[in-house]
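J.: Sequence first, then the predicted structure, then my questions.
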Number of protein chains: 2
Amino acid sequence: MTYCLGMLLDEGLALASDSRSNAGVDQVMRVSKLNLMPASKDRLIVIQSAGNLATTQAVVTSLHEAYGGGDLARDLSLAPTMFEVAGILGAQLRARMAADSSFVAPYGDASGSFLVGGQIKGEGPRLFQIYSAGNFVEATPRTPFLQIGETKYGKPILDRSVTPKTTLTEAARLILLSFDATTRSNLSVAPPIDILLYRADSFSAANLVTVEEGDAYWNALRKGYSEGLAALVDALPPPPAGWGA
Amino acid sequence: MTYCLGMLLDEGLALASDSRSNAGVDQVMRVSKLNLMPASKDRLIVIQSAGNLATTQAVVTSLHEAYGGGDLARDLSLAPTMFEVAGILGAQLRARMAADSSFVAPYGDASGSFLVGGQIKGEGPRLFQIYSAGNFVEATPRTPFLQIGETKYGKPILDRSVTPKTTLTEAARLILLSFDATTRSNLSVAPPIDILLYRADSFSAANLVTVEEGDAYWNALRKGYSEGLAALVDALPPPPAGWGA
């Protein structure tokens, strides 16, 4: 499994992915699932992936190989909008699934899914979720975050907190708390966590950080949150008489 | 969907179930999924159910009809231990699945699962989870809570907090917070919530309460928790320089 999270905020984008890849409990790998397309001054494109690693790697690698090559159907350096980027990614996923899925079916599920976020000069930052079927939806102010993979454990803290007004600083905390909830409850999601806080119009991924298990900031956040939460729950009112508590 | 939760605590058992039953978005019903077997001085047996409502209702109803009838294979009033109760429940589930599942398969999934908790004089309170296959596992001090149905959203708060030392008062708060997280993130789980805080050796379900949407205590808890959580997250340290926040 995998957990990838993207937020579309007024300040920019907050993107985070774990690094656990496993086929059963015996074959466990560390794989980055947050992939940067080549840097340029007019665009920043980040692809996060979940699902069958062979499928998602093949799609992302083929897009890297096509980058700058001039093929309008595959060259993300020529895509005029992030909507076009999402369409190309979905089409590549469909092509790969058409090639592989019948061969993979006896062994498991070949499907994959993506988040693709970024900005192309002329429009603001945008964020899309590409389904296994190759179709996709876009984040909006009313749906300011998107998730793929093992999404449920980390969703409640986001449902309570994330709005377009959430700052990148707040997003950093919420990302780590959402991943903390997920990694505590599910073994298939694990650090390191790649996090990119992308400030709108910067066209830069210089702030990409990788948070390892034992990271001092994450530990401080975990400790503060765990202690604060325990104190908070303790301070809540007891149930009424009649509950037998 | 459904969400049922049971905790095995030093003080006793804390059991809670939602009341949403749906087959698609058009057929939505309120159904209690926390079922009490007939009261007696030597035993209290509570069955919580998730999955196909026809299956789980049939199993529970057949156990009610057999109660006190003297059939050792089905009469829960004669079961000497809660382990035997779990075995009877699993066997009844298998029988019902054998009868129905091939007929139901063209339309959906006939499977169901249960939590069964309670106490029979001579042993302490016990709690079991019966899988769709009819086999089952028991809660222990290292696994002090069990869940069935839509379990993931409400699990992180429990993973952080529930131990055998958790009091029934604390359990009441954690139940409502776990259900609050679930109902916020998933439409298929909804109030009213049936909650039984069972004190060990009381052999009484007199404290069974039903918490409706808009319940004053739940509202107070939600408000206190939401506000406290927002303040807690705000007070956590900001990310280090270099994250770009």
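T.: Right, received. Where do you want to start? None of these values were measured; they are calculated from a predicted model. Residues are numbered from 1 along each chain as shown, chains lettered A, B, ... in the order given.
J.: count of neighbours near the residue nearest to residue A:110 when sequence neighbours are not counted?
T.: Leaving aside its sequence neighbours, residue A:110 sits nearest to residue A:104 (C-beta to C-beta, 6 or more residues apart in numbering or on different chains; 3.7 Å). C-betas here are computed from N, CA, C, even on glycine. If you count neighbours by other C-beta atoms under 10 Å in any protein chain shown, residue A:104 ends up with 15.
J.: quick one: contacts for residue A:104?
T.: A:52, A:54, A:110 (C-beta atoms under 8 Å, 6 or more residues apart in numbering or on different chains).
J.: all strands for chain A, in order.
T.: Counting by DSSP state E, residue ranges of the strands within chain A are A:3-8, A:12-17, A:20-23, A:27-30, A:34-36, A:43-51, A:112-120, A:126-130, A:136-138, A:145-149, A:193-199, A:209-211.
J.: Figure out how far the last one is from the centre of its chain.
T.: Between the centre of strand A:209-211 and the centre of its host chain there is 14 Å, according to C-alpha atoms, centre = their mean, to the nearest Å.
J.: What helices and strands are in contact with it?
T.: Identification of packing neighbours for strand A:209-211 by 3 or more C-beta pairs under 8 Å, 6 or more residues apart in numbering or on different chains; DSSP states H and E yields strand A:193-199.
J.: Any chance you could list what contacts the strand it packs on?
T.: A:11-19, A:32-34, A:44, A:46, A:117-119, A:125, A:168, A:171-172, A:175-176, A:179, A:204-205, A:207-211, B:239, B:243-245.
J.: Could you rerun that using 6 Å?
T.: A:12-18, A:32, A:34, A:168, A:175, A:179, A:205, A:207-211, B:243-245 (C-beta atoms under 6 Å, 6 or more residues apart in numbering or on different chains).
J.: of those residues, buried ones?
T.: Buried members of the contacts of strand A:193-199, scored by 16 or more other C-beta atoms under 10 Å in any protein chain shown, are A:12-18, A:34, A:168, A:175, A:179, A:205, A:207-209, A:211, B:243-245.
J.: roughly how far apart are the closest residue in space to residue A:40 that isn't next to it in sequence and residue A:134?
T.: Closest residue to residue A:40 apart from its sequence neighbours, by C-beta to C-beta, 6+ apart: residue A:77 at 6.9 Å. Here the criterion is C-beta to C-beta, to the nearest Å. By it, residue A:77 lies 21 Å from residue A:134.
J.: Comparing the two, which residue is more hemmed in?
T.: More neighbours surround residue A:134 than the other of residue A:77 and residue A:134, with 20 against 15 (other C-beta under 10 Å).
J.: these two touch, right, residue A:56 and residue A:49?
T.: Yes - the pair residue A:56 / residue A:49 is scored as a contact, 3.7 Å apart, by C-beta atoms under 6 Å.
J.: the more surrounded of the two?
T.: Shown here are residue A:56 and residue A:49; by other C-beta under 10 Å, residue A:49 has more neighbours (29 against 25).
J.: Tell me the residues on chain A that lie near chain B, please.
T.: A:152-153, A:155-156, A:159, A:168-169, A:172-173, A:181, A:184-185, A:197, A:207, A:209, A:217, A:220-221, A:224, A:228, A:232-233, A:236-240, A:243-245 (C-beta under 6 Å from any C-beta of the partner chain).
J.: can you tell me which residues contact residue A:182?
T.: With contact set as C-beta under 6 Å, 6+ apart, residue A:182 has these partners: A:3, A:153, A:154, A:189.
J.: and which of those is nearest chain B?
T.: Nearest to chain B, judged by C-beta to the nearest C-beta, of the contacts of residue A:182 is residue A:153 at 5.3 Å.
J.: circling back to that earlier point, and the contacts of residue A:104, which of them are buried?
T.: Among those, those classed as buried by 16+ other C-beta under 10 Å are A:52, A:110.
J.: those helices in chain A, which residues are they?
T.: A:53-66, A:82-104, A:155-161, A:168-185, A:216-235 (DSSP state H).
J.: In CSV, list these along with mean pLDDT.
T.: Listed next are these as CSV, based on pLDDT from 0 to 100:
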stretch, mean pLDDT
helix A:53-66, 95
helix A:82-104, 96
helix A:155-161, 93
helix A:168-185, 93
helix A:216-235, 93
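J.: Could you identify which of these is most buried?
T.: Burial of those is given as mean neighbour count (mean count of other C-beta atoms under 10 Å in any protein chain shown); helix A:168-185 ranks first at a mean of 24.
J.: next one: that helix to chain centre, how far?
T.: From the chain centre to the centre of helix A:168-185 is a distance of 12 Å (C-alpha atoms, centre = their mean).
J.: Just want the angle from it to strand A:145-149.
T.: With axes from the mean of the first three to the mean of the last three C-alpha atoms, to 10 degrees defining the directions, helix A:168-185 sits at 30 degrees from strand A:145-149.
J.: hmm, back to that, nearest to chain B among the contacts of residue A:104?
T.: The shortest approach to chain B among the contacts of residue A:104 belongs to residue A:52, at 21.7 Å (C-beta to the nearest C-beta).
J.: can you pull the contacts of that closest one?
T.: Contacts here follow C-beta under 6 Å, 6+ apart; on that basis residue A:52 touches A:110, A:112.
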